[in-house]
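1. I would like to see how this sequence folds:
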Amino acid sequence: MNILSIDTSNQTMGIAIVKNGQIAGEYITNVKKNHSVRLMPAIDQLMRETATVPEDLNKIVVAKGPGSFTGVRIGLATAKTMAWALDIPIVSISSLEAVAYQGSFFNQLICPFFDARRGLVYTGLYKWSPDQKLENVLEEKNTLFSDWLEVLAQHQTKVLFLSQDIELHRELIDKTMGDLAVIPDTSYHVPRPSLLAQASMAKETEEIHSLTPNYLRLAEAEANWLKQQQGKS
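-> Below is the predicted model:
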């Protein structure tokens, strides 16, 4: 089984090629640059360096958000186009769930999150089961981080926080959670596309044309448009 995984849903852009359970190659950048002009050249380079041709691929896995609206669309459009052209299965994974896989050696609660501005975050709560399956404890949502942390504090158990935006919220996490907060080193906060391939093993393949983004909220322009329409009715 040869898998190409793609994640452009947030600032980090990552692709990986996994062959028969082994990581053949992985490419990750964590810089504020345009994913749309960098993604396909990066895929082409990684495939050449791993001696992989498109016909070798058996499945494509993509992070479907939440995150940057533009980034999510770029990743999904690329993954869907490739899966359709190659006539191979596609699997989409929540970008939050993908980050939670970084905490596979932590046996308590895991809180991945992405900053959504104005005090809001995209987040959810996960935990690894005794048989090493990642379980969703609290559903993913777009919420005020201060409110979310109050909910987590009520669990009175250790929580592992994972986010590329950890420094934006470290002070609030420490203030609310105290000793219950576990914040690992920097390398654990950058999403790894190879973990998308791992996560896909427990997922069903999806119909390409019905695959949609996991935004968790409307884009601001869409929300304003809906308010205008409601005002006219």
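
2. so where do the helices sit in the protein?
-> Listed in chain order, the helices found in the chain under DSSP state H are 35-49, 69-86, 95-100, 145-153, 166-177, 193-200, 220-232.

3. how is this protein divided into domains?
-> 2-94+191-224, 96-189 (automatic domain parsing).

4. where does the prediction get shaky in this structure?
-> Across the chain, the stretches falling below the confidence threshold (pLDDT under 70) are 218-233.

5. what's the single longest strand in it?
-> Ranked by residue count under DSSP state E, the longest strand found in the chain is strand 134-144.

6. residues contacting the residue nearest to Leu211 when sequence neighbours are not counted?
-> The shortest distance from Leu211 to any residue other than its chain neighbours is 5.7 Å, reached at Ser92 (CB to CB, 6 or more residues apart in numbering). From N, CA and C alone the C-beta is placed, and that goes for glycine too. Applying CB atoms under 8 Å, 6 or more residues apart in numbering, one finds that Ser92 lies in contact with 61-64, 76, 79, 206, 211, 214.

7. so which of those residues are in strands?
-> Using DSSP E, 61-63 are the members of the contacts of Ser92 that sit in strands.

8. would you mind listing the buried residues in the longest strand of the chain?
-> In terms of neighbour count (16 or more other CB atoms under 10 Å), strand 134-144 has its buried residues at 134, 138, 140-141, 143.

9. got the contact list for Ala63?
-> Ala63 makes contacts with 6-9, 72, 75, 92-95, 98, 191, 193, 196, as judged by CB under 8 Å, 6+ apart.

10. including distance to Leu149, could those go into TSV?
-> Conversion of the contacts of Ala63 to TSV gives the following (distance: CB to CB, whole Å):
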residue	distance to Leu149
Ile6	31
Asp7	26
Thr8	28
Ser9	23
Val72	25
Gly75	29
Ser92	28
Ile93	25
Ser94	21
Ser95	20
Ala98	22
Pro191	22
Pro193	29
Leu196	27
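
11. may I ask which of the residues you listed has the most neighbours?
-> Greatest neighbour count in those, by other CB atoms under 10 Å, goes to Ser9: 34 neighbours.

12. centre-most residue in the protein?
-> The residue at the geometric middle of the chain, judged as the C-alpha nearest the mean C-alpha position with CA atoms, centre = their mean, is Ser95 (1.5 Å).

13. thought His169 was touching Thr123?
-> No. Using CB atoms under 8 Å, His169 is not in contact with Thr123; the gap is 10.3 Å.

14. overlap of the contact sets of those two?
-> Listed contacts common to His169 and Thr123 are 113, 145; contacts here mean CB under 8 Å, 6+ apart.

15. so what's Leu152 up against?
-> When contacts are counted by CB under 8 Å, 6+ apart, Leu152 touches 109, 111, 125, 159, 176-177, 180.
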